[in-house]
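Engineer: Quick one, what's the 3D model for this:
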Amino acid sequence: MHVANKLLVTFLLNVLWQATLLAIAGWICSRLLRSTSARHVYRLWVSCLLFSLLLPLASLGRRIEILPSLARVNVAVAASSTLSSSSFWQAVYVRLFHARISFGSLNAEWFAVLYVLFIFIWLLRFVSSCSKTSRLRRSAYARQLPTTLVPIVERCKQVFALEGVPILCSALVRGPVVTGLRSPVVIVPEFLFANGSDEQWVSTLAHEFAHIRRRDFLFNLALELISWPMSFHPAVLTVKRQISAARERACDEMATAHLIQPASYARALVSIAEMVPSLRPLSQPDYSLGIFDADILEERIMKLLRNNSPSRFWTTTSVLTTTAIMLGLCVSVSAFSFRVDEGANASSVLSFGMTNSQGSDVLKIGPGITPPKIVSKVQPTYPIDAKKAKRRGVVVVAAVIGTDGRVENVSVLKSVDPSLDQSAMDAVRQWTFEPALKDGKPVKVETHVEINFSLK
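Structural biologist: This is a model prediction of the structure:
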């Protein structure tokens, strides 16, 4: 398998489970924060999105194992041996963290082609949306404000320290929006200019200026680009919707904290929503930020009307608890990852487990390395329960041989039965070898041992 394909498959497989786990954790933590400020919830979901990308990317920097043809030691075990202790949890560990699945090179290539095609389609949609946003900006024009609105606009600009932000008008927008990266502008629909009340104008400008004050347009664009490699994942799309919802609630909080009472603000939102045309014009979809983004108007109204302010102690406790949960989860997740390894038969092996569990100095037997030789070995016992149940087969054990010839680490590559697996590992741990040599010096290597449990 090509290295690029291998890295891509490794990244995508880790995104699949890690992004899902982070989304679930984000939902649980958001329940703890539901009574706190929306800005805390916003930061929570943004961190979920960032870690959904960073953790899979971190797995690419770890050692990718190339598995050549390893020397295999074959041992046959008769059915006349005594009972060996079995370990249920050992078997569970082996099955979970040493499982390997074949993943052919051809499959990886098709996987990569489909992913690149998806990314290209997303890029076309992104360019199209940016083009629509640009056309929306060009359609906006300056319009003379009614005399009664001039003090309202000046007051809003002064409160948010946004003196240079123009208020424009456009027939293409359904509701008030903010657009522009370096020079943001507020674009208001024509119906608001014609029929908007003072309460509606204060609510509109307070919300849109809050977007500008928070630099939401820039952050929204950055988060869109960050989520680009993972935008195929339903969990990532869910996280993005939660970010959008939390962002709107955060702007509501800023508006009601500085300019207008929550009840008046909620009433203005409802009245503006009733005036919005049913048609969806050019601006959808785009990367402008509107007062009705996220489609959670009812939830926002209920939040405004309840207006429950939690105690400072509860807010601090909730934030610290969710931070600890997310950091603990990220540390735990970073210890595990899928790895795609290429075998000698030109197929690949997918393994999942703790990375670097055997140390970075473990070599694979190949050209330039003299394989280890068995000095002494202990015959595995045939467990009585397995013999009575007529369980048999070949257990393949991976053993790390240290520079002193002793077995340092044992794991099961091919499992037959928990008791047979345990018996094989117990025996191999007691073997001794002449260490493998590289350039005449002992080195630590991995070898495979086949234990054949036969009833004959």
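Engineer: Give me the most central residue, the protein.
Structural biologist: Closest residue to the average C-alpha location of the chain: residue 52 at 2.0 Å, with C-alpha atoms, centre = their mean.
Engineer: For that residue, give me its contacts.
Structural biologist: Contacts for residue 52 (C-beta atoms under 8 Å, 6 or more residues apart in numbering) come out as 15, 18, 19, 22, 23, 230, 233, 235, 236, 239. C-beta: built from backbone N, CA, C; applies to glycine.
Engineer: Which helix or strand contains the second one?
Structural biologist: This means residue 18. helix 3-32 (DSSP states H and E).
Engineer: Show me which positions of that helix end up buried.
Structural biologist: By neighbour count on 16 or more other C-beta atoms under 10 Å, the buried set for helix 3-32 is 5-23, 25-27, 29-30, 32.
Engineer: hang on, the earlier thing: distance of the residue nearest to the centre of the chain from residue 58?
Structural biologist: Going from residue 52 to residue 58 by C-beta to C-beta, to the nearest Å gives 12 Å.
Engineer: With residue 296 instead?
Structural biologist: Applying C-beta to C-beta to residue 296 and residue 58 gives a distance of 33 Å.
Engineer: Repeat that for residue 450.
Structural biologist: For residue 450, the distance to residue 58 - C-beta to C-beta - is 35 Å.
Engineer: swap in residue 415?
Structural biologist: 29 Å.
Engineer: Check residue 15 too.
Structural biologist: From residue 15 to residue 58 the distance is 12 Å (C-beta to C-beta).
Engineer: coming back round to it: return the mean pLDDT over the helix holding residue 18, rounded to an integer.
Structural biologist: Per-residue pLDDT over helix 3-32 has a mean of 88.
Engineer: other SSEs contacting it?
Structural biologist: helix 38-60, helix 105-139, helix 234-258, helix 312-334, strand 336-342 (3 or more C-beta pairs under 8 Å, 6 or more residues apart in numbering; DSSP states H and E).
Engineer: And the helix or strand hosting residue 421, how far out from the chain middle?
Structural biologist: Assigned by DSSP H and E, residue 421 falls within helix 418-428. How far helix 418-428 lies from its chain's middle: 37 Å, per C-alpha atoms, centre = their mean, to the nearest Å.
Engineer: and if you look at stretch 441-448?
Structural biologist: Distance of stretch 441-448 from its chain centroid, counting by C-alpha atoms, centre = their mean, is 36 Å.
Engineer: which residues of the stretch 351-456 of the chain fall in helices?
Structural biologist: In the stretch 351-456 of the chain, the helices defined using DSSP state H, counting those that start in this stretch lie at 384-388, 418-428.
Engineer: any idea which of those helices is most buried?
Structural biologist: helix 418-428 (a mean of 23; mean count of other C-beta atoms under 10 Å).
Engineer: what packs against that helix?
Structural biologist: helix 88-97, helix 384-388, strand 393-401, strand 407-414, strand 445-453.
Engineer: try 10 Å this time
Structural biologist: Helix 418-428 sits against strand 72-77, helix 88-97, helix 384-388, strand 393-401, strand 407-414, strand 445-453, with contacts defined as 3 or more C-beta pairs under 10 Å, 6 or more residues apart in numbering; DSSP states H and E.
Engineer: With just CA atoms, put that helix into PDB.
Structural biologist: Output of helix 418-428 as PDB, limited to C-alpha atoms (Å, rounded to 0.1, in the frame of the first residue of the first chain):
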ATOM      1  CA  PRO A 418      -9.100 -17.900  26.000                       C
ATOM      2  CA  SER A 419      -7.700 -20.800  27.900                       C
ATOM      3  CA  LEU A 420      -5.500 -22.000  25.000                       C
ATOM      4  CA  ASP A 421      -4.400 -18.400  24.400                       C
ATOM      5  CA  GLN A 422      -3.300 -18.000  28.000                       C
ATOM      6  CA  SER A 423      -1.500 -21.400  28.100                       C
ATOM      7  CA  ALA A 424       0.400 -20.400  25.000                       C
ATOM      8  CA  MET A 425       1.500 -17.100  26.400                       C
ATOM      9  CA  ASP A 426       2.400 -18.600  29.800                       C
ATOM     10  CA  ALA A 427       4.700 -21.000  28.100                       C
ATOM     11  CA  VAL A 428       6.400 -18.500  25.800                       C
END
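Engineer: Alright, I will stop here.
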